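[1] Build me a model from this:
(2 chains)
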Protein chains: 2
Amino acid sequence: MPDKPSICIVGLGLMGGSLALALQRAEWPRKIIGVSRSPATRAAAQASGAIDRAGATLAEAAPDADVIVLATPVRALLSQLDEVARHARPGALVLDLGSAKGEVCAAMARLPEGLQPIGGHPMCGKETGGFASADADLYSGKTFVLCPLSRTSEAALLTATALAEAAGSRALVLDPSEHDRAVAAISHLPYLAATGLVNAVAAGNDPLAWALAASGFRDTTRVAASDAAMFLDILMTNRPAVLAWLDLFATEMASLRAALAAGDEAALSERLAAASALRSGLKL
Amino acid sequence: MPDKPSICIVGLGLMGGSLALALQRAEWPRKIIGVSRSPATRAAAQASGAIDRAGATLAEAAPDADVIVLATPVRALLSQLDEVARHARPGALVLDLGSAKGEVCAAMARLPEGLQPIGGHPMCGKETGGFASADADLYSGKTFVLCPLSRTSEAALLTATALAEAAGSRALVLDPSEHDRAVAAISHLPYLAATGLVNAVAAGNDPLAWALAASGFRDTTRVAASDAAMFLDILMTNRPAVLAWLDLFATEMASLRAALAAGDEAALSERLAAASALRSGLKL
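    As a prediction, the model looks like this:
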């Protein structure tokens, strides 16, 4: 791996676009080749200086790259691994940015032996997508999870770590299933709860509720505005973990409901106080 | 009612303290008498200029006031109405700031005839309490719900409206039950969902989850850090509406779970997209 690698970033939306901006600012890569099917996105990314060269396909861009970053939605990137296998340069590091790692790492294990796959998940994002939302600071100060495969070389992991740090993040090496269980708890479950809240208020058909919605509703439901197609992919590739947390959540909600319905103030108070103490103590 | 009324604010926590600061800044009252059982709170409020005079009890402060604002938790203020009845000056406006209005307005209807009761609910707050969190800008630009009783005079409603506007809010007159149903949807239900999320993650006993928690979890669960005793009061005085919304929410969550478990992407996608479109369209 050269000191200043050549990077191909596939997908120039929020995550890929922000990574390109952050790495350019850090002057970490020799060059960045951005891949997007959209001519408008390619033009915008090139005009902003986020990428040095643009391509419409992996076939054009991958052969020149020491590092291939797949920044497309999880199932899109799963289907792109065949193209990576065909077009990547031997020895290239292949890193993704998807929010669920089990299926991605399993699929990466089938890449040709000469390639160096690592599952990645930067713990950042926002509810707006597209290159227009890209931000060189998105990765700053955030945890960037790396899931190397058993065959991944130490050198490739060092390169991925250096990339994460160049983007401003802290690298954290995790097992894919550990990652998927934890992220289901603090990202996928809250997303579904926010979605359920918005849909429940809609189902209740109370225009006054929308009119009175204030900062509490704003924050509690913010992530429900996320791109639905992206989250569909995440949920479908992390089903067992998400279902397990949904069940724990349903149990908690049923306990809260039962205590309130029964007027059992001691039980209700205990649950509210426990959550308040825990949440107040979190540094977020 | 004099042009510049004398106000007694009972409870100098986040809501009462912030109201005192905002009204003083607007130079709306002739004077503000602050009532708190805590000597430290009285001293802090007086030192900050939020109040002109401090008292430990309603008995000391109420007889001097044209307007009595009850800024204590809902059930505390319900128990203070007897004292208001004994000590308020004839013709005084009695306004509360509680988050559930049905029980408060019903109790206010039993105040002596000479008094002018109005239920109030400023749609603002934050998850930290106490006078130390008070902020002259808390009410700025927010909706301040007013629920006059059938007997309340037009003049009293005008005074309450002027008070809300002096604090920087927009007054909105509502029926108590309409208010309670809407607020259960956009405040009490999200609070319980946030509480359930925090408790579910705790029940799952996954230290990595806490370590990876980022901005999505931070925002979705922020309100769970609210004062548990305050919310216990709110929930206990708004049970029918909260239980109805909890049931709608449980139905939505069960539908999301069923679609995910069955791998029914069309159904799941439809629900995610509906929430995303709705939430993106909200001006909050």
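[2] does residue A:86 belong to a helix or a strand, and which?
    Using DSSP states H and E, residue A:86 falls within helix A:74-87.
[3] Strand partners (parallel or antiparallel) of the helix or strand just after that helix?
    Sequence order places strand A:93-96 as the next helix or strand after helix A:74-87, per DSSP H and E. Here strand A:93-96 has these sheet partners by DSSP bridges: strand A:67-70 (parallel), strand A:116-122 (parallel).
[4] quick one: the strands in the stretch 101-250 of chain A?
    A:116-122, A:143-148, A:170-173 (DSSP state E, counting those that start in this stretch).
[5] Is the second one in proximity to chain B?
    Yes: counting by Cβ under 8 Å from any Cβ of the partner chain, chain B has neighbours in strand A:143-148: A:143, A:145. (Glycine included, C-beta is placed from N, CA and C.)
[6] Could you verify my assumption that residue A:45 touches residue A:35?
    No: using Cβ atoms under 8 Å, residue A:45 is not in contact with residue A:35, being 9.9 Å away.
[7] Which of the two has more residues huddled nearby?
    residue A:35 (31 against 26; other Cβ atoms under 10 Å in any protein chain shown).
[8] so the more buried one bridges to which residues?
    Under the criterion used (DSSP bridges), residue A:35 bridges to residue A:10, residue A:55.
[9] Who are the contact partners of it?
    A:8-12, A:54-58, A:60-61 (Cβ atoms under 8 Å, 6 or more residues apart in numbering or on different chains).
[10] Repeat that for residue A:217.
    Residue A:217 touches A:197, B:186-187, B:190, B:284, counting by Cβ under 8 Å, 6+ apart.
[11] what about residue A:43, how many neighbours?
    Residue A:43 has 13 nearby residues by other Cβ under 10 Å.
[12] Also the one 5 residues further on?
    For residue A:48, the number of neighbouring residues by other Cβ under 10 Å comes to 16.
[13] list the contacts for it?
    By Cβ under 8 Å, 6+ apart, the contact list for residue A:48 reads A:21, A:131, A:134.
[14] Contacts only, for the second one.
    The contact partners of residue A:131, taken as Cβ under 8 Å, 6+ apart, are A:12-14, A:17, A:36, A:41, A:44-45, A:48, A:50.
[15] And it, what's its pLDDT?
    In this model, residue A:131 is scored at 96, pLDDT.
[16] now the nearest residue to it once chain neighbours are set aside: how far from chain B?
    Distance criterion Cβ to Cβ, 6 or more residues apart in numbering or on different chains; nearest residue to residue A:131, sequence neighbours excluded, is residue A:17 at 4.2 Å. Distance, residue A:17 to chain B, using Cβ to the nearest Cβ, to the nearest Å: 18 Å.
[17] Residue A:17 sits in which helix or strand?
    helix A:14-25.
[18] Show me chain A divided up by domain.
    A:6-174, A:178-281 (automatic domain parsing).
[19] As JSON lines, those domains with distance to residue B:209 would be great.
    Written out in JSON lines, the entries for the domains of chain A read as follows (distance: least, Cβ to Cβ, whole Å):
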{"stretch": "domain A:6-174", "distance to residue B:209": "12"}
{"stretch": "domain A:178-281", "distance to residue B:209": "4"}
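[20] so what's the residue positioned nearest the centre of chain A up against?
    Residue closest to the mean C-alpha point of chain A, counted by Cα atoms, centre = their mean, is residue A:99 at 3.9 Å. By Cβ under 8 Å, 6+ apart, residue A:99 lies in contact with A:74, A:121, A:183, A:187-188, A:234, A:238.
[21] Same check on residue A:224?
    A:191, A:194-195, A:197-198, B:275-276, B:278-279.
[22] again with residue A:272
    B:195, B:228, B:231-232.
[23] so it is in which element?
    helix A:265-281.
[24] Give me the mean pLDDT for that helix.
    On average, helix A:265-281 scores 97.
[25] do stretch A:170-181 as well
    Taken as a whole, stretch A:170-181 has a mean pLDDT of 97.
[26] Can you give the contact residues for that stretch?
    A:100-102, A:104-106, A:119, A:121, A:141-148, A:157, A:160-161, A:164-165, A:238, A:241, A:244, B:206, B:208-209, B:212.
[27] From these, list the buried ones, please.
    Those of the contacts of stretch A:170-181 that meet the buried threshold are A:100-102, A:104-105, A:119, A:121, A:142-148, A:157, A:160-161, A:164, A:238, A:241, B:206, B:208-209, B:212, by 16 or more other Cβ atoms under 10 Å in any protein chain shown.
[28] Do you have the helices of the stretch 151-284 of chain A handy? List them.
    A:154-166, A:176-183, A:189-204, A:207-212, A:215-221, A:228-236, A:239-262, A:265-281 (DSSP state H, counting those that start in this stretch).
[29] Please find the angle between the direction vectors of the last one and helix A:239-262.
    So the one you mean is helix A:265-281. 130 degrees (axes from the mean of the first three to the mean of the last three Cα atoms, to 10 degrees).
[30] Could you double-check that residue A:136 sits in contact with residue A:22?
    Yes: counting by Cβ under 8 Å, residue A:22 is a contact partner of residue A:136 at 4.9 Å.
[31] neighbour count winner among these two?
    Using other Cβ under 10 Å as the criterion, residue A:136 and residue A:22 rank with residue A:22 on top: 24 against 20.
[32] The nearest residue to the more buried one once chain neighbours are set aside: neighbour count?
    Excluding the flanking residues, the one nearest residue A:22 by Cβ to Cβ, 6+ apart is residue A:167, at 4.2 Å. Look at residue A:167: counted by other Cβ under 10 Å, it has 26 neighbours.
[33] what do you get for residue A:156?
    Residue A:156, neighbours per other Cβ under 10 Å, totals 23.
[34] now residue A:128
    12.
[35] contacting residues around it?
    So residue A:128 contacts A:14, A:225 (Cβ under 8 Å, 6+ apart).
[36] and it, how far is that from residue B:101?
    36 Å (Cβ to Cβ, to the nearest Å).
[37] what's the answer for residue A:256, then?
    22 Å.
[38] Likewise for residue A:100?
    44 Å.
[39] same check, this time on residue A:143
    For residue A:143, the distance to residue B:101 - Cβ to Cβ - is 44 Å.
[40] got it, and residue A:224?
    28 Å.
[41] from what I can see residue A:183 touches residue B:212, true?
    Yes: at 6.2 Å, residue A:183 and residue B:212 qualify as touching, with contact defined as Cβ under 8 Å.
[42] want to try CSV for the contacts of residue A:131, with pLDDT as columns?
    Below are these laid out as CSV (pLDDT from 0 to 100):
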residue, pLDDT
A:12, 97
A:13, 95
A:14, 95
A:17, 98
A:36, 97
A:41, 97
A:44, 97
A:45, 97
A:48, 96
A:50, 97
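[43] Could you export those residues to TSV, including columns for distance to residue A:3?
    Formatted as TSV, those follow (distance: Cβ to Cβ, whole Å):
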residue	distance to residue A:3
A:12	25
A:13	29
A:14	29
A:17	25
A:36	27
A:41	30
A:44	29
A:45	24
A:48	25
A:50	21
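[44] just curious, which of those is nearest to residue A:269?
    Looking at those and their distance to residue A:269, the nearest is residue A:14, at 41.2 Å (Cβ to Cβ).
[45] which bits of the stretch 1-150 of chain A sit near chain B?
    A:123-127, A:142-143, A:145.
[46] now do 7 Å
    Listed as neighbours of chain B in the stretch 1-150 of chain A under the rule Cβ under 7 Å from any Cβ of the partner chain: A:123-124, A:142-143.
[47] Give me the buried subset of the contacts of residue A:224.
    A:191, A:194-195, A:197-198, B:275-276, B:278-279.
[48] Now for these: which two are most distant?
    Farthest pair in these, by Cβ to Cβ: A:191 and B:278, 14.5 Å.
[49] re the thing from before, just so I know, which of the strands of the stretch 101-250 of chain A lies nearest residue B:264?
    strand A:116-122 (26.0 Å).
[50] what separates residue A:168 from chain B, distance-wise?
    In terms of Cβ to the nearest Cβ, residue A:168 sits 14 Å off from chain B.
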